[in-house]
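Asks: just to be clear, the model below is a prediction. Sequence and coordinates:
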Amino acid sequence: LVVGACVAAGAEPAAAGVANQGTYSDVVPAPVSARADRGAFTIGRHTTISAGPGASGVADQLAGVLRKATGYPLPVVRAGGHGGDTIALALAGRGDGTLRSREGYRLDVTPHGVSLTADRAAGLFAGVQTLRQLLPVAPGRGRVWTVPAGHVTDYPRFEHRGAMLDVARHFFSVAQVERYIDQLAQYKINTFHLHLADDQGWRIEIRSWPRLATYGGSTAVDGDRGGYYTQAQYREIVAYAAQRYITVIPEIDMPGHVNAALASYAELNCDGVAPPLYTGTDVGFSSLCVGKEITYKFLDDVIGELAAITPGRYLHIGGDEAQATSSADYVAFMNRVQGIVAAHGKSVLAWHQVVEAATLPSTVAQYWDTTNDNPDVAAAASRGTGLVLSPANLAYLDMKYTDATPLGQDWAALIEVRDAYGWDPGSYLLGAPAAAVRGVEAPLWTETIRTSADIEYMAFPRLPAIAELGWSPAATHDWDAFSRRLGAQGPRWTAAGINFYRSPQVPWR
Ligand code: TNX
């Protein structure tokens, strides 16, 4: 197997006259290996999509995408019995080890047909995302939908490739969240972290503590419209993500970032007095009452209800910026809450300050500091604590690109797309073993973000950069090649109505 940077761009004749034909060298994230052959497969009126056992779900999704684009009927048929003119999806390990990963796939395109194989449906789904980028953006005159001939073998570098959306500072509807999930899926993101509660808003219905959502969720930053998800709506988001092989990790931030909860229930406050709702953007001023027993009854109820509607393994318990909690209280609190999460059958994800406590072996720390030198976190990683990397000066999607960016913040850094791409998650944190790194995540905090257009402007093109760091082999890491690949995405984003930042660093097509 040839790994990395072996895309034979020169061998791509691409169907003549087709505008913006996808090519193997333009796929983001870069595949492990891709090779173009002569010729192309043309999708037409008689093309069928065949599905082997276990492949029909992804085949139906592919059919949906292709029918919408091409207008052809593209019936999904059971595998076997027919000759060419087929896009064949099958679950089949090839026995050569290349598809070992649960998201790995192999794509073979000849002038006679397309074959996509994987060990698991998640791999087929990943392969479909690659196939989509091989199509023309728009077929132009003659409406010829071609896929260049070639071969791809692909699988991810890291198991955790995440994006976070803060729905607490500003609330986003189910439809807005699903729109973002669709965009994430196209770049092989497999984890969606929902920041559900913060000082400015509580966004998930908790039946045993109803005022959290109805009162605590009633506002947002600057007094903008609040909102919350009913448990049914949350389940809908989880199911929508699952159909795209994305696991939702819900976060309830604690012991700090809890003003919305404290405002909703006076008894959660040490002095028994509920503070007013908060619509500013300060951090670090609120704390749960660590010494009060009702705090743990409250958390057991919240975590229990959340665990019951979350199929994924992890619940995120925040743990960042607990400046209003003493360090002794913080340690006692984080130790106890990890036990509550475990009692509900889940594992803990928390911001990296959690390493100040006694982490359970299953606890994973999400690193957000702006330096690659953090001996405490490195020591925890050496003892076995897993790491998800989100350095705020590299991976935070709410940071401005430049001084002139109208949205976002700049406390961590200005992050142009080249900065977002210019680091190696495997070797980033000094002294942390590479084996501790579970992957990467791009958080989007929303103090200044109000609309889907705002989300997209901050995420594109940096989200694809982080997605590529998470998926592609280190050997493919190359700014010039990546910026060219990004440039080819521009017309796709325009066609999809995605609002993006036209970074001057990228040769947009
Ligand atoms: C820090 S970094 C926060 C968030 C803010 C963000 C704004 C971290 C774990 N917490 O509470 O929204 O900065 O950039």
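Replies: That came through fine. Numbering: from 1, shown residues only.
Asks: what parts of the stretch 201-350 of the chain come near the ligand?
Replies: By Cβ under 6 Å from any ligand atom, the part of the stretch 201-350 of the chain that sits against the ligand consists of 283, 320-321. Just so you know, the C-beta spots here come from the backbone N, C-alpha and C atoms, and that holds for glycine as well.
Asks: narrow those to those in helices?
Replies: Under the assignment DSSP state H, those contribute nothing to helices.
Asks: out of those, which is nearest to Thr86?
Replies: Set against Thr86, the nearest of those by Cβ to Cβ is Asp320 (50.8 Å).
Asks: contacting residues around the closest one?
Replies: Residues near Asp320 by Cβ atoms under 8 Å, 6 or more residues apart in numbering: 253, 256-257, 351, 353, 368.
Asks: for Leu91, the count of nearby residues, please.
Replies: 18 (other Cβ atoms under 10 Å).
Asks: skipping adjacent residues, who's closest to Thr281 in space?
Replies: Distance criterion Cβ to Cβ, 6 or more residues apart in numbering; nearest residue to Thr281, sequence neighbours excluded, is Glu447 at 4.6 Å.
Asks: likewise for Ala459?
Replies: Distances taken as Cβ to Cβ, 6+ apart place Leu397 nearest to Ala459, at 5.4 Å, with adjacent residues excluded.
Asks: secondary structure element for the one you found?
Replies: Using DSSP states H and E, Leu397 falls within no helix or strand.
Asks: give the contact list for it.
Replies: Counting by Cβ under 8 Å, 6+ apart, Leu397 touches 163, 442-444, 458-459, 462-463.
Asks: can we see that at 7 Å?
Replies: By Cβ atoms under 7 Å, 6 or more residues apart in numbering, Leu397 lies in contact with 442-444, 458-459, 462-463.
Asks: for Pro156, same thing?
Replies: Listed by Cβ under 7 Å, 6+ apart, the contact set of Pro156 reads 101, 103, 188, 470-471.
Asks: what's the distance between the nearest residue in space to Thr448 that is not next to it in sequence and Ser101?
Replies: Nearest residue to Thr448, sequence neighbours excluded (Cβ to Cβ, 6+ apart): Leu407, at 5.0 Å. Per Cβ to Cβ, to the nearest Å, Leu407 is found 36 Å from Ser101.
Asks: need the residues of the stretch 201-350 of the chain next to the ligand in TSV (columns: pLDDT).
Replies: Shown next, in TSV, are these (pLDDT from 0 to 100):
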residue	pLDDT
Val283	96
Asp320	96
Glu321	94
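Asks: now, which of these sits nearest the ligand?
Replies: Nearest to the ligand among these is Asp320, at 3.5 Å by Cβ to the nearest ligand atom.
Asks: before we move on, the earlier item: what about the residue nearest to Ala459, distance to the ligand?
Replies: Relative to the ligand, Leu397 is positioned 10 Å away (criterion: Cβ to the nearest ligand atom, to the nearest Å).
Asks: Phe285 now?
Replies: According to Cβ to the nearest ligand atom, Phe285 stands 11 Å off from the ligand.
Asks: Pro420 belongs to a strand?
Replies: For the record, residue 420 is Ala, not Pro. No: counting by DSSP: H, G, I helix; E, B strand; the rest coil, Ala420 is not part of a strand but helix.
Asks: give me the neighbour count for it.
Replies: Neighbour tally, Ala420, other Cβ under 10 Å: 26.
Asks: so it touches Asn393, yeah?
Replies: No: contact criterion Cβ atoms under 7 Å: Ala420 and Asn393 do not qualify, at 9.8 Å.
Asks: give the buried residues for stretch 293-305.
Replies: Buried residues in stretch 293-305, counting neighbours by 16 or more other Cβ atoms under 10 Å, are found at 295-296, 298-300, 302-305.
Asks: how about Glu237, phi and psi?
Replies: Not quite, residue 237 is Ile, not Glu. Ile237 adopts backbone torsions of phi -60, psi -40, taken as degrees, to the nearest 10.
Asks: contacts only, for it.
Replies: For Ile237, the contact set (Cβ under 7 Å, 6+ apart) comprises 174, 177-178, 229, 248.
Asks: what do you get if the cut-off is 6 Å, keeping everything else the same?
Replies: Ile237 makes contact with Val177 under the criterion Cβ atoms under 6 Å, 6 or more residues apart in numbering.
Asks: check the one 4 residues further on too.
Replies: Residues in contact with Ala241, defined by Cβ under 6 Å, 6+ apart, are 181, 192, 248.
Asks: give me the subset of those lying in helices.
Replies: Per DSSP H, those map to helices at Ile181.
Asks: let me see the ranges of the strands in the stretch 351-500 of the chain.
Replies: Under the criterion DSSP state E, counting those that start in this stretch, the stretch 351-500 of the chain contains strands at 364-367, 386-389, 437-444.
Asks: and these, which is most packed in?
Replies: strand 386-389 (a mean of 28; mean count of other Cβ atoms under 10 Å).
Asks: residues near the residue nearest to Thr448, how many?
Replies: By other Cβ under 10 Å, 19 other residues sit near Leu407.
Asks: that one and Ser362, how far apart?
Replies: The spacing between Leu407 and Ser362, counted by Cβ to Cβ, is 37 Å.
Asks: go on, Ser50?
Replies: Distance from Ser50 to Ser362, by Cβ to Cβ: 41 Å.
Asks: pLDDT below threshold where in this structure?
Replies: Scanning the chain for pLDDT under 70 picks out 1-19, 81-83, 93-100, 139-142.
Asks: domain parsing for it?
Replies: Annotated domains of the chain cover 9-154, 160-473 [automatic domain parsing].
Asks: distance between the shortest one and the chain's centre?
Replies: What it means is domain 9-154. The chain centroid and the centroid of domain 9-154 are separated by 23 Å under Cα atoms, centre = their mean, to the nearest Å.
Asks: name the residues of stretch 346-358 that are buried.
Replies: Across stretch 346-358, burial judged by 16+ other Cβ under 10 Å covers 346-357.
Asks: ignore the last one, stretch 198-217
Replies: Quick answer for stretch 198-217 (16+ other Cβ under 10 Å): 198-206, 209, 211-213, 215-217.
Asks: just give me the neighbour total for the residue of the stretch 401-509 of the chain found nearest the ligand.
Replies: Closest residue of the stretch 401-509 of the chain to the ligand, Cβ to the nearest ligand atom: Trp445 (3.4 Å). A count of nearby residues for Trp445, using other Cβ under 10 Å, gives 24.
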